[in-house]
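Trainee: Just to be clear, the model below is a prediction. Sequence and coordinates:
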Amino acid sequence: MTSAKDERRPAGELEASVMAALWAAGVPLTPGRVQLELDSGLARTTVTTILSRLHEKGIVGRERQGRGYAYFPVQDPPGLTARRMHSELDRDDDRETALARFVAQLSPDDERLLRDLLESGEE
Amino acid sequence: MTPLLLIPLLMPFAVPAVARRCLDRLVPVTALWALTLAVVVLAGASVAALGALLLTGLLKLPLFAGLGDLIHPLRTASDLVVLPAAAAATGALTIGAWTLGRSALRQLRAFRTARTQADSRPAAGDLCVIESPHPDAYALPGRPRRIVVTTAMLRSLGPDEREALFAHERAHNAGGHHRFLVAAELAAHCHPGLRPVRATIALAAERAADEAAAVAVGDRRLIARAIARAALATRASRSARPDFAPAATTGPVPQRVAALLAAPPRHPRAASWIALLLAVCATLSAGASAAGVLAFHHEVEVAQGEEPR
């Protein structure tokens, strides 16, 4: 991915990528670290701008770290999280066919096949 | 009753095999359109045929013949054929309506839950993150369109794989794929022969999103890796749960990964033949159904004394 291509992406997509990096990290990240995590050639100023915007919206919190800020996603209240976990568990079957899931359930055979495919793909 | 009505009732049983080949041969997004249009036509033809059989049977009964202003008896095949056919059609329509209603309720409930969940907090762009230890991700249609991803899914993928996942889900939303899935679901309840095609259409939608994502990120192999890793993560988090799905056939995920790892498909001549075959099936079905219903209508008019024999 070239930096030119990334700078041209809609602001919403960039926000999503930054947010995903924060969630995946699990610890507060400085704009520099987010830039490294994304590994996509985004300018650091762009990352800083996106982080401030997310902070203004109240989706990410921040804490002082050195001379700047480190950002982290705002967590759900614990009760809400528990309820969501429950509803995720309920969705064990693939009955809601109208919601396009990223991956369907795997059978044991599928699992073996996938591992083979991944291995052959990484050669 | 006319034997023509048997064509739309039998044709759907031949379609699953054609549908599979369609998906193998056609560009995924073309297959998605072709299959969905075909099942909608086939489902409509089959319901119309069942309706005609049901009405024929009803008009044989004196009560309904009176209600239908029939002054002559309806000219049909023997009652020994017509009445059981009407009873079977009634049963088929009732079962279809019942399972459709149940499925619609379930899907609406799932959709509303997902929507409430996504709307309950501000989104970053189009991304809605749900805190959950279970890896899961889906495209949420409606306004505004969202990509819903759990924290566990985000953590099991690398940065470039997350972009692949987002590109895939955005392709679902941009392509309005949920409409195809709803149409396939609807058709599946109209005729049992169309039930296996529902899975084929779902796979076509996934394949279409995979190919669109591959174009967006410019790397087929990356999309394949993201799918495989996501699927294996899902599997790992649920290994303690019983497996109800039988392992009789290769599931959709390995097929998608294999298709992405293979060279980009060429479009051989066979593609147009299989598409033509599908179109012929749908047209025959629709034509026979329309002719059957028109013939029935004519007989009713005759019985009403409005048209000469």
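Mentor: All right, it came through fine.
Trainee: From here on, just use CA atoms for contacts and neighbour counts.
Mentor: Noted.
Trainee: Pull the distance from the helix or strand containing residue B:128 to the chain's centre.
Mentor: Per DSSP states H and E: residue B:128 is located in strand B:127-130. Distance of strand B:127-130 from the chain centroid (Cα atoms, centre = their mean, to the nearest Å) equals 28 Å.
Trainee: Can you name every helix or strand that it contacts?
Mentor: When contacts are defined as 3 or more Cα pairs under 8 Å, 6 or more residues apart in numbering or on different chains; DSSP states H and E, strand B:127-130 packs onto strand B:146-150.
Trainee: Stretch B:181-201 close to chain A?
Mentor: Yes. Stretch B:181-201 reaches chain A (Cα under 8 Å from any Cα of the partner chain) through B:181, B:182, B:185.
Trainee: Give me the neighbour count for residue 41.
Mentor: Since you didn't name a chain, this refers to chain A. Number of residues near residue A:41 (other Cα atoms under 10 Å in any protein chain shown) recorded here: 15.
Trainee: ah, I was thinking of chain B
Mentor: 20.
Trainee: And the closest residue to residue B:303 other than its chain neighbours, what's its pLDDT?
Mentor: In space, and not counting its chain neighbours, residue B:303 is closest to residue B:72: 4.6 Å by Cα to Cα, 6 or more residues apart in numbering or on different chains. Note on residue B:72: pLDDT of 79.
Trainee: quick one: residue B:72 from residue B:300, how far?
Mentor: 9 Å (Cα to Cα, to the nearest Å).
Trainee: hmm, back to that, can you tell me the SS state at the residue nearest to residue B:303?
Mentor: Secondary structure, DSSP: H, G, I helix; E, B strand; the rest coil: residue B:72 is coil.
Trainee: How about the backbone phi and psi for it?
Mentor: When read as degrees, to the nearest 10, the backbone of residue B:72 gives phi -110, psi 160.
Trainee: if we can go back for a sec, more neighbours, residue B:72 and residue B:300?
Mentor: For residue B:72 versus residue B:300, neighbours defined as other Cα under 10 Å are more numerous around residue B:300 (24 against 13).
Trainee: helix or strand for that one, which one?
Mentor: Using DSSP H and E, residue B:300 falls in helix B:270-303.
Trainee: for the chain, which spans come out with low pLDDT?
Mentor: This is for chain A. A:1-8, A:77-100, A:120-123 (pLDDT under 70).
Trainee: wrong one, chain B
Mentor: B:1, B:236-251, B:265-270, B:309.
Trainee: If we use 90, what do you get?
Mentor: Low-confidence regions of chain B, defined by pLDDT under 90, span residues B:1-4, B:23-27, B:57-84, B:102-126, B:128-152, B:228-275, B:299-309.
Trainee: what about the longest helix in it?
Mentor: Longest helix in chain B, counting residues (DSSP state H): helix B:79-119.
Trainee: List the contacts of the spatially most central residue of chain B.
Mentor: The centroid of chain B falls nearest to residue B:184 when counting by Cα atoms, centre = their mean (1.4 Å). The contact partners of residue B:184, by Cα atoms under 8 Å, 6 or more residues apart in numbering or on different chains, come to B:36, B:39, B:40, B:197, B:198, B:201.
Trainee: redo that, cut-off 10 Å
Mentor: A:97-98, B:35-40, B:43, B:178, B:190, B:194-202 (Cα atoms under 10 Å, 6 or more residues apart in numbering or on different chains).
Trainee: Now name the helix or strand holding it.
Mentor: Counting by DSSP H and E, residue B:184 is part of helix B:177-190.
Trainee: which of the residues in that helix are buried?
Mentor: B:177-178, B:180-190 (16 or more other Cα atoms under 10 Å in any protein chain shown).
Trainee: which ones are touching whichever residue of chain A sits closest to chain B?
Mentor: For chain A and chain B, the shortest gap (Cα to the nearest Cα) falls at residue A:12, measuring 3.6 Å. Neighbouring residues of residue A:12 by Cα under 10 Å, 6+ apart: A:50, B:123, B:124, B:125, B:126, B:127.
Trainee: now residue B:146
Mentor: Applying Cα under 10 Å, 6+ apart, the residues contacting residue B:146 are B:115, B:118-119, B:123-128, B:138-140, B:169-170, B:173.
Trainee: Ok, residue B:216 next?
Mentor: By Cα under 10 Å, 6+ apart, the residues touching residue B:216 are B:163, B:164, B:167, B:168, B:171, B:210.
Trainee: now residue B:169
Mentor: A:100-102, B:137-140, B:146-149, B:163, B:175, B:206, B:209-210, B:212-213 are the contacts of residue B:169 under Cα under 10 Å, 6+ apart.
Trainee: Distance check, the closest residue to residue B:232 other than its chain neighbours against residue B:254.
Mentor: Excluding the flanking residues, the one nearest residue B:232 by Cα to Cα, 6+ apart is residue A:111, at 6.8 Å. Distance check for residue A:111 against residue B:254: by Cα to Cα, it reads 8 Å.
Trainee: now swap in residue A:9 and tell me
Mentor: For residue A:9, the distance to residue B:254 - Cα to Cα - is 31 Å.
Trainee: ditto for residue B:167
Mentor: Taking Cα to Cα, one finds residue B:167 at 19 Å from residue B:254.
Trainee: ok, now residue A:52?
Mentor: 41 Å.
Trainee: Looking at the two, which has the bigger crowd around it?
Mentor: residue B:254 (25 against 18).
Trainee: now that one, nearest residue through space, not along the chain?
Mentor: Closest to residue B:254 by Cα to Cα, 6+ apart is residue A:114, at 5.7 Å.
Trainee: give me every residue that touches that neighbour.
Mentor: A:106, A:108, A:120, B:224-225, B:227-229, B:231-232, B:253-255, B:257-258.
Trainee: what about burial for those residues, which qualify?
Mentor: A:106, A:108, B:224-225, B:227-229, B:231-232, B:253-255, B:257-258.
Trainee: and the closest residue to residue B:308 other than its chain neighbours, what is it in contact with?
Mentor: What sits nearest to residue B:308 in space, not counting adjacent residues and going by Cα to Cα, 6+ apart, is residue B:302, at 6.0 Å. Counting by Cα under 10 Å, 6+ apart, residue B:302 touches B:70, B:71, B:72, B:73, B:74, B:75, B:296, B:308, B:309.
Trainee: Make a PyMOL selection of the buried ones in those.
Mentor: To isolate the buried subset of the contacts of residue B:302 in PyMOL, counting by 16+ other Cα under 10 Å, use the following:
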select buried, chain B and resi 70+73+74+296
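Trainee: Tell me which two of the contacts of residue B:302 sit farthest apart.
Mentor: Using Cα to Cα, the contacts of residue B:302 span at most 15.9 Å, a distance reached by B:71 and B:296.
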